[in-house]
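Visitor: here is the input, now give the coordinates:
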Amino acid sequence: MSLTRSLVLSDVAPGDRRMTTHVRPLMRTLRPALTEEDFDRFVTEAHAQGLVFTAAYDAGGHCTALATHRVLATSRGRILFVDDLVTHPGHRSTGIATALLAHLTERARVCGCHRVELDSGTANVTAHRFYHVRGLTIAALHFTLPVGVGT
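Guide: Residues are numbered from 1 along each chain as shown. Sure thing, here's the model as predicted:
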């Protein structure tokens, strides 16, 4: 049996114990500066804005990957935007992230989206290779301007 056949994808909502026991530790591998308290505030606020937390579990019940995503209506059409996509370091290169991305792509189709979009930090070359191999292209540059609040 392949790893992806035994993969279980589950949306995890605020208040679900898996949010703190599974999702938060995995998210912090991607965003280590995010404190537990900041994560808890983020979950509540972002979920209210439509953010969905989809966790991937292996056959042993271990949370091996996570995607946070939301459907957005934009002037370029309806999109499924992936805020975060992270695989547990011990489970990388096993097909889990590919399966999760395929799930998000199908979810986008079902939701009437034209595209799946995501941002990736400029220094994250390994992620860029992963995205390119799976057919994602660089369509824009993402610019930021700090405004002094919380920085």
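Visitor: which stretches of the protein form strands?
Guide: Applying DSSP state E to the chain gives strands spanning 8-12, 52-57, 63-74, 77-87, 115-118.
Visitor: quickly run through the sheet partners of the fourth one, with directions.
Guide: The strands that strand 77-87 pairs with in its sheet are strand 63-74 (antiparallel), strand 115-118 (parallel) (by DSSP bridges).
Visitor: distance of Leu85 from Arg78?
Guide: According to C-beta to C-beta, to the nearest Å, Leu85 and Arg78 sit 20 Å apart. Glycine gets a C-beta too; all of them are placed from N, C-alpha and C.
Visitor: those two - which one has more neighbours?
Guide: Ranked by neighbour count (other C-beta atoms under 10 Å), Leu85 and Arg78 place Leu85 first, with 21 against 14.
Visitor: how near is the more buried one to Glu117?
Guide: Separation of Leu85 from Glu117 (C-beta to C-beta): 12 Å.
Visitor: and Glu106, how many neighbours?
Guide: By the criterion of other C-beta under 10 Å, Glu106 has 12 neighbours.
Visitor: cool, Leu136 as well?
Guide: 17.
Visitor: mind listing what Ala46 touches?
Guide: Residues in contact with Ala46 (C-beta atoms under 8 Å, 6 or more residues apart in numbering) are 68, 83.
Visitor: now do the one 10 residues further on
Guide: Ala56 is in contact with 7-9, 63-66, 96, 99-100, counting by C-beta under 8 Å, 6+ apart.
Visitor: tell me which two of those sit farthest apart.
Guide: Maximum pairwise distance among the contacts of Ala56 (C-beta to C-beta): 14.0 Å, between Cys63 and Ala99.
Visitor: quick one: which of the strands of the chain is nearest Thr44?
Guide: That would be strand 52-57 among those, by C-beta to C-beta, at 11.8 Å.
Visitor: could you check the angle strand 63-74 makes with the closest one?
Guide: For strand 52-57 against strand 63-74, the angle by axes from the mean of the first three to the mean of the last three C-alpha atoms, to 10 degrees is 150 degrees.
Visitor: for strand 52-57, buried residues please.
Guide: Buried residues in strand 52-57, defined by neighbour count with 16 or more other C-beta atoms under 10 Å: 52-57.
Visitor: and for stretch 91-100?
Guide: Using 16+ other C-beta under 10 Å as the test for burial, stretch 91-100 gives 91, 94, 96-100.
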